[in-house]
Structures are given as C-alpha cells and as structure tokens.
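**Student:** Predicted model and sequence below, questions to follow.
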Amino acid sequence: MTDSAWELYTEDNVLVARFPEGMPADESEFAKVNEQFEELAAKEDVTAHISFVQMDDALHEGVYEKAAEAARVGKTYGITKWAMVSEGIKKMAVASSINEIEGVETTTTSSFEDAMEWAKE
C-alpha cells in the first residue's frame, strides 16, 4: 500500500491490483505500481491478473502504456489472462492496449466477482 492507497496482492493464482477513487492517474504513480507488480508476478503460481479501477480521473496515454508494459512483463512470468474491472470506458481503453500483446487473453467487466471467477478458470 502506498500514500495514494492503491493495493496489489495475490489471491490463489490471481494478482489483483486495486486502484481506488482519488488515486492520481499519472504515469509516475503507475511506474510504482508496475515495480510492485513485477515482484508479485514472479511468484510461480500466478497465472492471471485483475485490474480493479475505481479512479474518477480520466486516464491518459502514459497510463495505457504502463498497463501494456505490465502485461508484457506479466506474460514473461506466465500471466496469460488479464481482466479489467471498471465502470464506463476505462476498462475498454486499457483492455485494448493489452489486446495487442500476443498470448494474453483479456476480458472486461463491471463486477470484481465475475473477473475473479474468470481469472481462476
């Protein structure tokens, strides 16, 4: 956990990232997220990822690039499923940047529970 309250943790085979309301939507914050993501992705049993985005701020191109970077790194550690949970267009925009990565399957949903079920399949 950081000062801006984002959180990364693993649950079973899933690496979960929670981005709460009020979190800054800037590239430097997501660089910190990616650093911790890589540490957790290195665990042998992690095969899926969920990004649970509750942030109000609009995301900019640098954030999408950081998401794609995380997906590429995750793939090297065996993470081949990536779920985006959010209301509105954010989930579609981030998923589209990850869809470009060969071998990574994506889904989008408004339900964290649905994403977790999909990730554990």
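**Tutor:** Right, received. Where do you want to start? Numbers count the residues shown, from 1 in each chain.
**Student:** What residues of the helix or strand encompassing M116 count as buried?
**Tutor:** Using DSSP states H and E, M116 maps to helix 112-120. Neighbour counts over helix 112-120 (16 or more other CB atoms under 10 Å) mark A115, M116, W118, A119 as buried. Any C-beta I mention is one placed from the backbone N, CA and C, and that applies to glycine too.
**Student:** Need the per-residue pLDDT for the second one.
**Tutor:** M116 carries a pLDDT score of 96 in this model.
**Student:** what residues are up against it?
**Tutor:** Residues in contact with M116 (CB atoms under 8 Å, 6 or more residues apart in numbering) are E11, V14, I50.
**Student:** same check, this time on the first one
**Tutor:** Residues in contact with A115 (CB under 8 Å, 6+ apart) are I50, F52, A83, M84, V85, T107, T109.
**Student:** Out of the residues you listed, which sit inside strands?
**Tutor:** I50, F52, A83, M84, V85, T107, T109 (DSSP state E).
**Student:** Tell me where the model's unsure across the protein.
**Tutor:** Low-confidence segments of the chain, defined by pLDDT under 70: 1-4, 56-63, 89-95, 97.
**Student:** Check it and tell me which residue is nearest its centre.
**Tutor:** Nearest residue to the geometric centre of the chain (CA atoms, centre = their mean): S51, 3.3 Å.
**Student:** Nearest spatial neighbour of that residue, chain-adjacent residues omitted?
**Tutor:** A17 (4.9 Å; CB to CB, 6 or more residues apart in numbering).
**Student:** Please enumerate the helices of this protein.
**Tutor:** Assigned by DSSP state H, the helices in the chain fall at 27-41, 61-76, 90-99, 112-120.
**Student:** Which of these sits closest to E21?
**Tutor:** The closest of the helices of the chain to E21 is helix 90-99. By CB to CB, the value is 12.4 Å.
**Student:** Could you pull up the residues touching D12?
**Tutor:** Contacts for D12 (CB under 8 Å, 6+ apart) come out as D45, K120.
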